[in-house]
Every structure is written in structure tokens, then in C-alpha cells.
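K.L.:
Whatever this is, show me its structure:
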Amino acid sequence: MKKFIIIIIFFSLVSCEEYLTSYTGNGYKTEYYSGEWEGEEYTGEFNNGLRHGLGTYKFNNGDEYIGEWIEGDRDGIGTLYFENGDIYSGDWENGIKHGVGAYYYKEGDIYSGDWENGKKHGIGSYYYNNGSEYVGEFVNDYFDGIGTMYYADGSIWAGEWKNDKKNGKGLQIWADGDAEYQYVRNSELTRRVYSDY
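P.N.:
Just a heads-up that it's a prediction; the model follows:
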């Protein structure tokens with residue numbers, strides 16, 4: 001008899017939990033979407049009927065987000081797996097990449113650093129799959145400001161950048177160790193300042 005009462009109490013609690021979740025919009029559940037979002041689904045925590053807490057969202061284009069939500073938006077730390085093979089893992093704010101995070105391109109390139117309003121912005125590093133790497137400032141997805149490019153052939157450019165191009169003063173070091181200070185505009189050498197050979 002005790003087992004029977006325990007079973008009844010257990011199922012009553014489960015039923016109450018399901019009732020409270022559906023009535024209040026709070027708890028953990030899976031929600032399937034229709035219309036414009038046909039084929040999409042969310043499994044995770046809800047608060048007041050909104051995705052809030054930890055959860056997984058599967059998009060109808062094949063993308064999948066796993067991470068934190070606040071009041072219906074991706075917000076906090078999370079990872080977005082793109083259908084094309086790219087991956088972003090890091091901070092989100094109001095549904096966009098914002099804060100610190102890493103973006104892994106399917107071809108092998110990797111960006112790691114600051115994001116602002118969905119764009120690479122601030123301090124970061126961009127590693128190319130050929131072995132070259134840029135470390136420095138970014139503005140609106142571009143190398144912009146002070147930065148250093150370590151080329152795969154062993155040469156280095158350390159200096160000023162604008163819109164992904166060397167632009168301003170910098171130090172060019174070749175793979176054999178020779179070096180010179182240069183002025184460059186739009187990646188075109190305009191003046192040599194000093195050379196050690």
C-alpha cells in the first residue's frame with residue numbers, strides 16, 4: 001500500500017510540475033514553432049513564457065545555438081553551430097555577438113577576441129589556415145589601428161592598419177632578419193625611413 005501511495009504522490013507532483021510550467025510559462029520544456037519559424041524548436045528553460053536560462057534552439061536552416069537566454073534573446077555565454085560548418089563560441093547580448101568570443105571558420109581560419117554589435121571590434125587575433133596571424137586592433141570587422149602581422153614565410157609587419165591594409169608607420173622585418181621602418185599607404189610603400197642594410 002505504501003508503494004501505491006508513493007507512486008500516486010510522484011505522479012501527482014509530476015502532473016503539478018507540468019501544469020505549473022504550462023500555466024505560468026516557467027520551467028523546462030520543448031517548444032515547436034510554426035509559420036515563419038516552421039521546423040524550428042527550443043528545448044530549455046522558460047520564465048514568464050520567454051526563453052530564459054539555458055537552452056538549445058534549432059533553426060530551420062540547420063544552425064543550432066546552445067547556451068544562455070535572457071527574456072527570449074541569446075544573451076550570456078553560448079555557442080552557435082552554423083550549418084556551413086562555422087562555429088562561434090562566446091558572449092552574446094540581445095541576440096548578437098557582443099563581448100569576447102572565438103569564431104572558427106570551416107576553412108580553418110580562427111578569430112579570437114572582442115566583438116561589438118556582431119562585428120570583430122577591439123583587440124583580437126586572426127589566424128589564417130596558411131599559418132599567418134594578425135594580432136592587434138579591429139574596427140567593424142577590419143584590421144584597423146595598431147597591429148602586427150606574422151606571415152607564414154617568417155616575415156613580420158608591425159605598425160598601423162586601416163580597413164585591412166597597412167596604412168601609416170610600421171616596421172617591416174623580413175624572414176632573413178633584415179628590417180626597415182616604412183611609411184605605407186593602402187599597403188603601398190611610400191617611403192623608407194631606415195634600413196639596416
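K.L.:
After the helix or strand of the chain with the lowest mean pLDDT, which helix or strand is next? Please name it.
P.N.:
Here the helix or strand of the chain ranked lowest by mean pLDDT, DSSP states H and E is helix 2-24, holding a mean of 45. Helices and strands here follow DSSP states H and E; after helix 2-24, the next one along the chain is strand 27-32.
K.L.:
elements contacting that next one?
P.N.:
Helices and strands touching strand 27-32, by 3 or more CB pairs under 8 Å, 6 or more residues apart in numbering; DSSP states H and E, are helix 2-24, strand 41-47. (Each C-beta comes from the backbone N, C-alpha and C, glycine too.)
K.L.:
Could you spell out the sheet neighbours of that strand, each with its direction?
P.N.:
Its sheet considered, strand 27-32 pairs with strand 41-47 (antiparallel) by DSSP bridges.
K.L.:
Using CSV, write out every CA atom in the partner strand.
P.N.:
Presented in CSV, the C-alpha positions along strand 41-47 are these (Å, rounded to 0.1, in the frame of the first residue of the first chain):
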residue,chain,number,x,y,z
GLU,A,41,12.4,24.2,-31.9
TYR,A,42,13.7,25.2,-28.5
THR,A,43,14.4,22.9,-25.6
GLY,A,44,15.3,24.6,-22.3
GLU,A,45,14.3,26.9,-19.5
PHE,A,46,11.4,29.4,-19.7
ASN,A,47,10.4,32.3,-17.5
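K.L.:
Just checking the distance from it to the centre of its chain.
P.N.:
Centre-to-centre, strand 41-47 and its host chain are 21 Å apart (CA atoms, centre = their mean, to the nearest Å).
K.L.:
now swap in stretch 112-128 and tell me
P.N.:
On CA atoms, centre = their mean, the centre of stretch 112-128 falls 9 Å from that of its chain.
K.L.:
Just the terminal-to-terminal distance for it.
P.N.:
Length of stretch 112-128, first residue to last, CA to CA, to the nearest Å: 12 Å.
K.L.:
In it, which residues are buried?
P.N.:
Buried residues in stretch 112-128, defined by neighbour count with 16 or more other CB atoms under 10 Å: 112-116, 119-121, 124-128.
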